[in-house]
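**Student:** Build me a model from this:
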Amino acid sequence: MANDMTWNQKPRLYHKIISDEEEYNKYKSRINELPNLEEIHFEENFLLIIANENVRRLHEKDLTISEITADETTTHIIMKQKENPDYNNDNNIWYAIVDRSLLRKNADVSIENRKVEVDGCISAEELPKSYSVENAISDGCIVLENNKVKSNNIEMLDEFIEDTEKGEKSSIRVYSKFTDSNGEETIYIKDVEYLNGIYYFNNYNLKDSEESYFNSFTKLQKRNSSYGIVYYWIEEDENSGAPFITIQDY
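**Tutor:** As a prediction, this is how the structure comes out:
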């Protein structure tokens with residue numbers, strides 16, 4: 001069906017909006033799971049179909065249609081992972097019968113991301129771009145500069161893992177500053193929260209105001225390697241983009 005559906009690059013999901021009976025009949029012949037025509041009144045509704053890429057990452061495998069909204073030009077479809085997901089669920093088609101008042105010329109699909117709130121910390125977006133190593137230490141962050149520990153609280157990472165192993169809600173903030181060979185500085189605010197069996201990661205680039213998200217149901221682990229390097233990371237497939245925290249000479 002990819003040939004006549006719309007591809008959404010970031011969530012890696014296809015979508016199709018069907019607003020008339022002729023197109024419905026074409027898709028119904030391909031997808032037995034679609035509702036019967038008697039359930040849809042195209043004068044009042046349209047049919048939304050979401051199709052999954054063949055292979056999905058573990059942390060976003062068992063999805064559901066969460067919310068559908070619209071602005072002046074675009075219908076916005078939001079997916080999210082189910083609570084207590086079934087990793088054996090290979091479903092790759094979802095549909096919804098939607099009120100026609102939400103039908104727009106354009107549509108997009110996204111996967112819901114949870115905003116991490118670290119106890120005692122303001123939102124990363126509210127921090128000034130001049131936020132320094134000294135500021136971060138004063139605010140109680142775990143502070144790294146070029147992967148070297150600058151604060152006196154690195155044990156908080158191990159305590160965080162211990163709390164999560166007991167199923168306790170916990171959160172931490174890591175300030176990571178890196179200077180390349182050209183003197184270019186990059187500062188990341190890495191917020192990590194464990195809640196109800198899920199690890200939530202927000203990675204914020206302070207200079208460029210860019211943010212990325214990652215949710216995982218697999219364990220945050222500590223791994224020692226050669227050359228005095230310690231990795232705190234999520235064990236995922238190598239293409240998952242799973243976040244990690246690197247510490248040297250620890």
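**Student:** Name the single longest helix found in this structure.
**Tutor:** helix 155-165 (DSSP state H).
**Student:** same question for that helix, mean pLDDT?
**Tutor:** Averaged across helix 155-165, pLDDT comes to 92.
**Student:** Pull out the buried residues from it.
**Tutor:** Using 16 or more other CB atoms under 10 Å as the test for burial, helix 155-165 gives 156-157, 160-161, 164. Glycine gets a C-beta too; all of them are placed from N, C-alpha and C.
**Student:** Ok, stretch 16-23 next?
**Tutor:** For stretch 16-23, by 16+ other CB under 10 Å, it's 16-18.
**Student:** Contacts for the helix or strand that the longest helix of the chain is followed by next, please.
**Tutor:** Where DSSP states H and E defines the elements, the next helix or strand beyond helix 155-165 is strand 170-179. Contact with strand 170-179 is made by 116-119, 121, 131, 133, 136, 141-147, 156-157, 160, 163-164, 185-194, 245, as judged by CB atoms under 8 Å, 6 or more residues apart in numbering.
**Student:** give me that answer again for 7 Å
**Tutor:** Outside of strand 170-179, the residues within contact range by CB atoms under 7 Å, 6 or more residues apart in numbering are 116, 118-119, 121, 133, 136, 141-146, 156-157, 160, 163-164, 185-194, 245.
**Student:** one step back: pick the one among the buried residues of stretch 16-23 closest to R30.
**Tutor:** Distances from those to R30 were compared by CB to CB; the smallest belongs to K16, at 10.7 Å.
**Student:** contacting residues for the closest one?
**Tutor:** K16 neighbours (CB under 7 Å, 6+ apart): 5-6, 49.
**Student:** pLDDT value on it, please?
**Tutor:** 96.
**Student:** Show me what it bridges to in the sheet.
**Tutor:** Judged by DSSP bridges, the bridge partners of K16 are I49.
**Student:** In helices, which of the contacts of strand 170-179 appear?
**Tutor:** 133, 136, 156-157, 160, 163-164.
**Student:** Check the burial of the spatially closest residue to D158 that is not a sequence neighbour by counting its neighbours.
**Tutor:** In this structure, D158 finds its nearest non-sequential neighbour in K222, 7.0 Å apart by CB to CB, 6 or more residues apart in numbering. Applying other CB atoms under 10 Å, we find 13 other residues in the vicinity of K222.
**Student:** check contacts around K222.
**Tutor:** Applying CB under 7 Å, 6+ apart, the residues near K222 are 161, 230, 232.
**Student:** Check for me that the last one belongs to a strand.
**Tutor:** Yes: secondary structure assignment places Y232 in a strand (DSSP: H, G, I helix; E, B strand; the rest coil).
**Student:** any idea how far the nearest residue to it once chain neighbours are set aside lies from E60?
**Tutor:** Leaving aside its sequence neighbours, Y232 sits nearest to I245 (CB to CB, 6+ apart; 4.3 Å). Distance from I245 to E60, counting by CB to CB, to the nearest Å: 22 Å.
**Student:** what do you get for D119?
**Tutor:** On the measure of CB to CB, D119 and E60 end up 26 Å apart.
**Student:** For those two, work out which one has more neighbours and name it.
**Tutor:** Between D119 and E60, E60 has the larger neighbour count (other CB under 10 Å), namely 21 against 11.
**Student:** isn't that one right up against Q81?
**Tutor:** Yes: E60 lies in contact with Q81 (CB atoms under 7 Å); the separation is 5.6 Å.
**Student:** May I have the phi/psi pair for L63?
**Tutor:** Main-chain dihedrals, L63, degrees, to the nearest 10: phi -90, psi 170.
**Student:** give the contact list for it.
**Tutor:** Counted by CB under 7 Å, 6+ apart, L63 has contacts 79-81.
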